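A.B. asks: Have a look; sequence and predicted model below, questions after that.
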Amino acid sequence: MMTRIGIACIALAGMAGVCHANDAEEAGLALADATPVQKVDDGKYQFSLEPGLRFATLRPGGTRTATRLSLDLTARHAFSNGWGISLADRLDLNGPWRFDGDSGAINTLKELYVDGRVGSGSTLLQAGRVNVRLGVATGYNPTDFFRDNAVRSVTSVDPASLRENRLGTVMLRGQQLWADGSVSALVAPRIADRATDASFSPDFGATNQRTRWMLQFSQRVISDLSPQFVIYDDGKPGSSPQFGVNLVHLVNNACVGYVEWSGGRGPSTLARALGQPYSDVAFRWKLATGATCTTSRNLSVTLEYDRDGAALDRAGWQALRNGPPAGYAAYRTLAAAQQDPTTRDGLFAMVRWQDAWIQRLDLSGFVRLNLADRSRLTWLEARYRFARTDVALQWQINAGASSTEYGALPQSNLFQLLVKHYL
Amino acid sequence: MQTHSMARLSAAAILALACCTAHAAPDPQRILAASDAVRNPSEPFTLNVTLTQYTDGKQTDSNALTAYSRINPASGQFRSLIRFAAPARDANKLMLKSGNDLWFFDPASKATIRISPQQRLLGQASNGDVVTVNFAQGYRAQVEAEEDVQDGERQMRRAYRLKLVQSVSDMTYHSIEMWIDTTDSRPVKARFFSESGKLLKTAFYRRFQQQLGALRPTEIVIIDGLNPNLVTVMRYADYVAREIPDAWFQSDFMARFQPE
């Protein structure tokens, strides 16, 4: 219809040399005439409140209801010459109805650091607790080395939530930038011996239990290819420095392909879990590779293959499931704390649809499939965005036989209603 | 005698030149470049952009952002770093656009994600709509007509109607029909088309104000071509010339960016 009007306008222009706005254009201009000036916050701080109601069906039977209130604060105070101090903190308060093992309050001091620029602005320094997150993959990030022990309170299994609500690591970090590349170095010192569950602890023992360092380098090779190389040492018994590579490529106008790889000598996850980190040291590698494609209706689909060479293969996992419960529990606990896959191979698929059917309604979901035991985790979310408030309904399904990765979880279904309000 | 001959020859040459100049076809690429210079400062700059989106006459969404733009000396095209300021849920998120190299950074999850040109971050507005673009660097222009056209303020203006066809692969639109004022090179109106010839958007450039040494449009009204009931009003304010290092336009910098 609009095209026809446009053609008519052009045809008319050809004859008479005059082109008037059509009715639709007039209506659009009239809306613009009446559009008020938009007031914008200065953005120095963000504060949100998120009450949540959770309902779970349990294995082998029964149900449980839980309530939660989360408070999230991000603030920055700028000094002169590009220097400033930043804070990010989250407090999860669990109500009188809560799930087994949840404490009344868990505070996560995500970030507290001073940063700034030196000289012309190409040299950057950072000191304090910083959440450094590397990796281009969606479901699993082998080069996101600082994810170890970083999550204090799991409020959602959505990968974005797990990355958002985690502890930073205390470090000194410097970065030198040039036109098409950069190099950065960081050192994270040992501060405390062990992690703690204390509600309001900064929990330096979770993130700074030993001295760690990392070097990172990236350089544009051709027009749209800028590989990133990483060397990282975690200082753990049995580990050598690990190498990492991140690579992203635009396949066409709609698709982006990615490869994330890390490798180095180290023990298996099982050997580390059993306290024998020198027993099976070998070169092991981890990989996440996949692609995200977006349709013209803004629906994005991601398919990803994940491999963890330090995790158990199908036979090893089967043997562990049939073995002593203590070994099984230690292995599962360590894999969860490291945010590593439980078994060697897995598939991840995710769909995100912004403005699905109606504006402001976002639909998303993902499936993790364990290829060794065929168990799967499914997560679905519908989120409606009001001006300052999000209302979200989430449904998590943990499916599989007993003692499998997802079949062993105590909740078979978890429903969560969230209302997030930005002040 | 010699002097007279020289004078006659000179006069003839000037007349011939004037005659040729009067009838020479205007250079469409120059017209387009002059129009780009009206829309965009040539030095690195920042500006604040607000977007108000309407569906069926009702406001359905609004966004505010700050753009940091600088010409890439290699391509002559702008590179832009966009910081979202509103709504609150999107505050301090970043988008980097350098040709087809598009990245998105979320300060909450610290994720720096490469996105495809087709992925939209701003509702009905495409990412290409909010970044600074020099059309002359991305399109081959041709003058189709010189005619009167109604501008965004409902005034009639004498304008060149240019047909622009994509000449490099990373442009948001395949072709554009653009009206440019014959007297001051200001952009008046544009129609944006897909490769199949479908009208995607119509834009009116209006509310011209003095910004960074030139009279520039500070409002663009975008009417969707497929559904004319979708209207986006983009307003530009607070143009400031400032030094923006080339090194800022890479994904590794996004996590370190701090607004000033």
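C.D. replies: Perfect, thanks for sending it.

A.B. asks: Below-threshold pLDDT in chain B: ranges please.
C.D. replies: B:1-24, B:123-124 (pLDDT under 70).

A.B. asks: Return the distance of residue B:156 relative to chain A.
C.D. replies: 7 Å (Cβ to the nearest Cβ, to the nearest Å). Yep, even glycine has a C-beta here, placed from its N, CA and C like the rest.

A.B. asks: Residue B:179 is in contact with that residue, correct?
C.D. replies: No. Contact between residue B:156 and residue B:179 fails when scored by Cβ atoms under 8 Å: they sit 11.3 Å apart.

A.B. asks: Mind listing the shared neighbours of those two?
C.D. replies: Common neighbours of residue B:156 and residue B:179 are listed as residue B:149 (criterion: Cβ atoms under 8 Å, 6 or more residues apart in numbering or on different chains).

A.B. asks: Who has more neighbours out of the two?
C.D. replies: Taking neighbours as other Cβ atoms under 10 Å in any protein chain shown, residue B:156 and residue B:179 compare with residue B:179 leading, 28 against 13.

A.B. asks: Surely the more buried one and residue B:191 touch.
C.D. replies: No. With contacts counted by Cβ under 8 Å, residue B:179 stays clear of residue B:191, the gap being 9.0 Å.

A.B. asks: who's in contact with the nearest residue in space to residue B:224 that is not next to it in sequence?
C.D. replies: Once flanking residues are discounted, residue B:224 sits nearest to residue B:230: 3.8 Å by Cβ to Cβ, 6 or more residues apart in numbering or on different chains. Residue B:230 makes contact with B:53, B:54, B:55, B:124, B:223, B:224 under the criterion Cβ under 8 Å, 6+ apart.

A.B. asks: From chain A, how far off is the first one?
C.D. replies: Summarising the geometry, the distance separating residue B:53 from chain A, computed by Cβ to the nearest Cβ, is 8 Å.

A.B. asks: now the third one
C.D. replies: Separation of residue B:55 from chain A (Cβ to the nearest Cβ) stands at 6 Å.

A.B. asks: can you give me phi and psi for that residue?
C.D. replies: Here the main-chain torsion angles of residue B:55 (degrees, to the nearest 10) amount to phi -130, psi 130.

A.B. asks: Isn't it up against residue B:232?
C.D. replies: No. Counting by Cβ under 8 Å, residue B:55 stays clear of residue B:232, with 10.2 Å between them.

A.B. asks: Can you pull out the residues in contact with stretch A:41-48?
C.D. replies: A:71-77, A:420-423, B:85-86, B:88, B:91-92, B:259.

A.B. asks: Show the buried residues in those.
C.D. replies: For the contacts of stretch A:41-48, a burial check counting by 16 or more other Cβ atoms under 10 Å in any protein chain shown picks out A:72, A:74, A:76, A:420, A:422, B:85, B:86, B:88, B:91, B:92, B:259.

A.B. asks: Tell me, how many residues neighbour residue 101?
C.D. replies: Just so you know, I chose chain A. Residue A:101, neighbours per other Cβ under 10 Å, totals 7.

A.B. asks: not what I meant, chain B
C.D. replies: As a measure of burial, residue B:101 has 21 neighbours, counting by other Cβ under 10 Å.

A.B. asks: So what does it look like in phi/psi?
C.D. replies: Dihedral angles of residue B:101 (phi, psi; degrees, to the nearest 10) stand at phi -80, psi 100.

A.B. asks: quick one, what contacts it?
C.D. replies: Residue B:101 touches A:223, A:224, A:250, B:114, counting by Cβ under 8 Å, 6+ apart.

A.B. asks: how close does the third one get to chain B?
C.D. replies: Residue A:250 sits 6 Å away from chain B, taking Cβ to the nearest Cβ as the criterion.

A.B. asks: For that residue, list each beta-bridge partner.
C.D. replies: The partner list for residue A:250 in beta bridges (DSSP bridges) reads residue A:256.
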